[in-house]
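Student: Pasting a predicted model and its sequence here:
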Amino acid sequence: MKFRFCCEGDCPDWVLAEIISTLSNLSIDNLEQLAQLVAKRITGEPFEESAIRTLTSGVTDDGKTAVACVHYMLTNAARYGCSEKIFNVEIQQLGLPKDHAAAMCRVLHTHADAIRQKLIDKAFRINELQSVRNVTSLGETPQNCATLELKISQELVDGLPKDTTHTVNIECAQLGALLDEMKLARDIMLKYENKEST
């Protein structure tokens, strides 16, 4: 079957499995509270992991897959302009009980505009590089290398955006070439940006 909230495509198997095994087995209130927390997280509010564990403790260990499933459903329904009525019918077709589907629709109704705006604001900002810092230290960094600390905003980890930090070693000879390429890329982007503003 094709689903509007899946961009007129098939529903991923993992979402279907999560709807049947976890979301359907939550109480209606717990599902609605979980969906509210996930919707708030999508729109940029802090994520309350302890609350997630409490809400899902009866049906899953840590709630990560339930969060990923609700995140997928709400963001796609908002992204593809799926009406609450169609969303309700489609998630029931996937096995979510009627009252559970109504709870998800209430959350979508409350947060769809904010989610859509956040998606617009965050377009092309998944895995966005926030900062680069030289953390080279004698004895720890390999010879003829520099150690860089990369801070990445909204990196997708287990299907959820998360701020992360990575440490990488790069040969000093390659560092100069990388810097030259990045300057060239910046100049090209500025050229296109100036064309659009005129």
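Tutor: Okay, I see it. Numbers count the residues shown, from 1 in each chain.

Student: Now do the helices in the protein.
Tutor: Assigned by DSSP state H, the helices in the chain fall at 13-21, 28-42, 49-56, 64-79, 84-93, 98-121, 172-197.

Student: so which of the ones you listed gets nearest residue 144?
Tutor: The minimum distance between residue 144 and these falls on helix 172-197, with 5.5 Å, by Cβ to Cβ. To be clear about C-beta, it is placed using only N, CA and C from the backbone, and glycine gets the same treatment.

Student: Run the chain-centre distance for that closest one.
Tutor: 28 Å (Cα atoms, centre = their mean, to the nearest Å).

Student: what's that helix packed up against?
Tutor: strand 145-157 (3 or more Cβ pairs under 8 Å, 6 or more residues apart in numbering; DSSP states H and E).

Student: who's in contact with the strand it packs on?
Tutor: 122, 125-137, 140-141, 161-172, 175 (Cβ atoms under 8 Å, 6 or more residues apart in numbering).

Student: so of the residues you listed, which ones are in strands?
Tutor: Of the positions in those, 128-134, 161-171 sit in strands, assigned by DSSP state E.

Student: possible to save the helices of the chain as TSV with distance to residue 153 and mean pLDDT?
Tutor: Shown next, in TSV, are the helices of the chain (distance: least, Cβ to Cβ, whole Å; pLDDT from 0 to 100):
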stretch	distance to residue 153	mean pLDDT
helix 13-21	25	92
helix 28-42	14	94
helix 49-56	19	85
helix 64-79	17	93
helix 84-93	29	95
helix 98-121	13	93
helix 172-197	18	85
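
Student: Can you say which of these is nearest to residue 2?
Tutor: helix 84-93 (9.5 Å).

Student: in that closest one, what's buried?
Tutor: For helix 84-93, a neighbour-count test (16 or more other Cβ atoms under 10 Å) marks 84, 86, 87, 88, 90, 91, 92 as buried.

Student: Pull out the buried members of the contacts of strand 145-157.
Tutor: Burial by neighbour count, 16+ other Cβ under 10 Å: within the contacts of strand 145-157 this picks out 141, 161.

Student: Between the buried residues of helix 84-93, which sits nearest residue 75?
Tutor: Using Cβ to Cβ, residue 87 is the member of those that lies nearest residue 75, at 12.2 Å.

Student: Residue 80 versus that closest one, what's the distance?
Tutor: Residue 87 is 10 Å from residue 80, where distance means Cβ to Cβ, to the nearest Å.
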